[in-house]
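Peer 1: I'd like to go over a predicted model; first the sequence, then the structure.
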Amino acid sequence: MSTADNRHTPRLSLGPISYYWPKDTVEDFYAMVADAPVDIVYLGETVCSKRNQVRFDDWLAIAERLADAGKEVVLSTLSLLEAESELLRLRAICGQDRFLVEANDIGAVHLLQGRPFVVGHSVNVYNEHTLDLLARQGCSRWVLPVELTHDTLAQMQRARPDGVETEVMAYGRLPLAYSARCFTARARNLPKDDCRYACIDHPDGMVVTTQDDNRFLALNGIQTQSARTMNLLPALVQMRELGVDILRLSPQSQHMDKVIALFHAALSGAQDPSDASAQLERLMPTGACDGYWYGGAGMDLHAPAAASVTAA
Amino acid sequence: MELVCPAGNLPSLKAAVDNGANAVYTGFRDDTNARHFAGLNFTQDKLAEGVRYARRKGVRVFIALNTYPRPDGFSRWQQAVDRAADLGVDALIAADIGVLDYAARTHPQLNLHLSVQGSATNYEALRFYQEHFGVKRAVLPRVLSMSQIRHVIDNSPVEVEVFAFGSLCVMVEGRCILSSYATGRSPNTYGACSPASHVEWVETPTGLDTRLGGVLIQRHPKGENVGYPTLCKGTFQAGGNTYHAIEEPTSLNAMELLPELAAAGVKALKIEGRQRSPVYVAQVTRVWRQALDAFERAPEQFAPRPEWTAELGKVSEGAQTTLGAYHRPWQ
């Protein structure tokens, strides 16, 4: 079988906004997205249930506008579910049947089982037996957990159940951890219960630097991210060969239109992935990493294109 | 409430059994469990000996198989499940859906507990694990407040076990990959956080730096006590301040919450520390046994005795303790 046919050109998706942006910013962002060359858009709050600039009905309105613009819309869900109020909101999302839903916790899988759903990267699908069981519950698409390597993905693809699509996070600050504690509020000496929505001041998270000035992590409320932006565009040929169906781009506050355009240009063959990656690196808030894909530390940078840029 | 104590090796297992544990939890000597440290854990024979020792004293033995196998390693986890079943352990503590599914189908008589690494923080998740695998008990991540624990238990189809004492994970267990971001190895994949293989201790003109995967975690002035460079407990800069940006080196101690935990319906209390010494296991088990016995004799009058708190303080990380997430203001 030829691997060069069009079936193996991955589609592009835009992941949910992981930060807390003002409502107007969110509206403007998705107005841009409506005209941008992405196929799938994931919407909704996935990090903190206290963030209330954009409410459920607002998300549904944005979803309808994007659907009208020809996008496949998926409603995403909270990654850390603790309070009953959070489960109530989850039930509202899982209870609608207009849009596909992405489960970011097994609790959401429990509510969605029996109909098609997406399993996000914070659900630990580390082997084909797990994926197989989830597929039997209705999982129609899974997202590779971000710490897994291309080699593990290759093994997963060989054993992938029929009818399940594979999505890989290909661009963005990496989600590394979730906590009950809000680190943004902590940085301001505020208790979580009186956080004053501190994270609205950090549209790409708050950078944590080591004492020898290495920009290391980004605090995003209860989530900890990498400071570096993961970029797998240089691995595009490999991802095509592995039959990856969808590449996910995780939103950042600046230049997201350009990021989407560069990925689209590389996917359509209009631009060499290495050239596009060199341009991408100039758009990142801190710099690039890709170590997980190659089996190293997540913060490492392996891609040859990037290496030549550094050497230049 | 059942007192569940750590047993990183046979001497620790005996220390736990002899000092009043109701159950001990163990692991095999490889990456199938989340305390995969050099020299730690049990061979098949040692564990058989441990099971016999515990049985004679009426103590239950659990085994943790709570890491996440990737496809090329899955058969080793299957074999570990089979070996655990052959040993007749009282429960298997697992996190991965594939492992739970294999254990439930192959050994239907084996009790399954959902590991803390399974990241189940809500009762909808607990229902999933109960419906699909017949899980009997779940260990809750150390991120829930006391009222959230009560609410989970009120709606849970399974028994609930919580952490009572020991090193504190500030992140949801099973969903933290900070360690592999710096080293390539995480609890999920490798069974260890901040692995010793990637730690460096570097003398500097002003003292000592500790690094993990080359990342500066802690800068100690000369003469300061040097702790292990666990990534989330390092000193970093954010917003113009230099501080423990994520968490101080501190231990969880929930003893003063015993009455509330019992009233909430918690079935078991877990002591962390399979990587700690038999002396630690003996001390902590003895103190908690005394506390639980005192609570059962006179629940209304229960308060931690100063000597218990002092003894637990001595073995705590950073010699500090906290109520962690159980106490809402900590969050």
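Peer 2: Structure received.

Peer 1: interface residues of the stretch 151-300 of chain B facing chain A?
Peer 2: Residues of the stretch 151-300 of chain B found near chain A (C-beta under 8 Å from any C-beta of the partner chain) are B:151, B:170-172, B:174-178, B:180-184, B:186, B:188-189, B:213, B:215-217, B:219, B:232, B:234-239, B:241-242, B:245-247. Every residue, glycine included, has its C-beta placed from N, CA and C.

Peer 1: residue contacts, B:A264?
Peer 2: Contacts here follow C-beta atoms under 8 Å, 6 or more residues apart in numbering or on different chains; on that basis B:A264 touches B:146, B:149-150, B:153.

Peer 1: tell me which residue of the stretch 51-200 of chain A lies closest to chain B.
Peer 2: For the stretch 51-200 of chain A and chain B, the shortest gap (C-beta to the nearest C-beta) falls at A:H129, measuring 3.0 Å.

Peer 1: that residue: neighbour count?
Peer 2: If you count neighbours by other C-beta atoms under 10 Å in any protein chain shown, A:H129 ends up with 22.

Peer 1: could you do the one 3 residues further on as well?
Peer 2: One way to gauge burial is a neighbour count; for A:D132, by other C-beta under 10 Å, it gives 17.

Peer 1: then B:S316?
Peer 2: Neighbours of B:S316 under the rule other C-beta under 10 Å: 20.

Peer 1: in chain B, where's the longest helix?
Peer 2: If each helix of chain B is counted by residues according to DSSP state H, the longest one is helix B:278-297.

Peer 1: related to what we said a few turns ago, now the two most distant members of the contacts of B:A264.
Peer 2: Among those, the pair separated by the greatest distance (C-beta to C-beta) is B:M146 and B:I153, at 10.9 Å.

Peer 1: tell me the spacing between the residue most central in space within chain B and chain A.
Peer 2: For chain B, the residue nearest the mean C-alpha position is B:E272 (4.2 Å; C-alpha atoms, centre = their mean). Distance check for B:E272 against chain A: by C-beta to the nearest C-beta, to the nearest Å, it reads 17 Å.

Peer 1: how about that residue, what does it touch?
Peer 2: For B:E272, the set of contacting residues under the criterion of C-beta under 8 Å, 6+ apart consists of B:6, B:163, B:165-167, B:252.

Peer 1: report the lowest-confidence entry in the residues you listed.
Peer 2: Checking pLDDT across the contacts of B:E272, the minimum falls on B:S167 at 88.

Peer 1: OK, contacts around that residue?
Peer 2: Contacts of B:S167 were listed using C-beta under 8 Å, 6+ apart, and they are B:251-252, B:272-273, B:317.

Peer 1: before we move on, back to that, am I right that the residue of the stretch 51-200 of chain A closest to chain B falls within a strand?
Peer 2: No. Counting by DSSP: H, G, I helix; E, B strand; the rest coil, A:H129 is located in no strand; its state is helix.

Peer 1: does it touch B:A103 like I think?
Peer 2: No. No contact is recorded between A:H129 and B:A103 when judged using C-beta atoms under 8 Å, the distance being 11.2 Å.

Peer 1: paired strands for the helix or strand harbouring A:W142, with orientation please.
Peer 2: With elements delineated by DSSP states H and E, A:W142 resides in strand A:139-143, which encompasses its position. Each strand pairing with strand A:139-143, determined using DSSP bridges, is listed with its direction: strand A:117-119 (parallel), strand A:165-178 (parallel).

Peer 1: could I get these in TSV, plus columns for mean pLDDT and mean neighbour count?
Peer 2: Putting the strands paired with strand A:139-143 into TSV (pLDDT from 0 to 100; neighbours: other C-beta atoms under 10 Å in any protein chain shown) gives the following:
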stretch	mean pLDDT	mean neighbour count
strand A:117-119	98	27
strand A:165-178	98	24
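
Peer 1: where does chain B get nearest to chain A, residue-wise?
Peer 2: Distance from chain A to each residue of chain B (C-beta to the nearest C-beta) is smallest for B:G98, at 3.0 Å.
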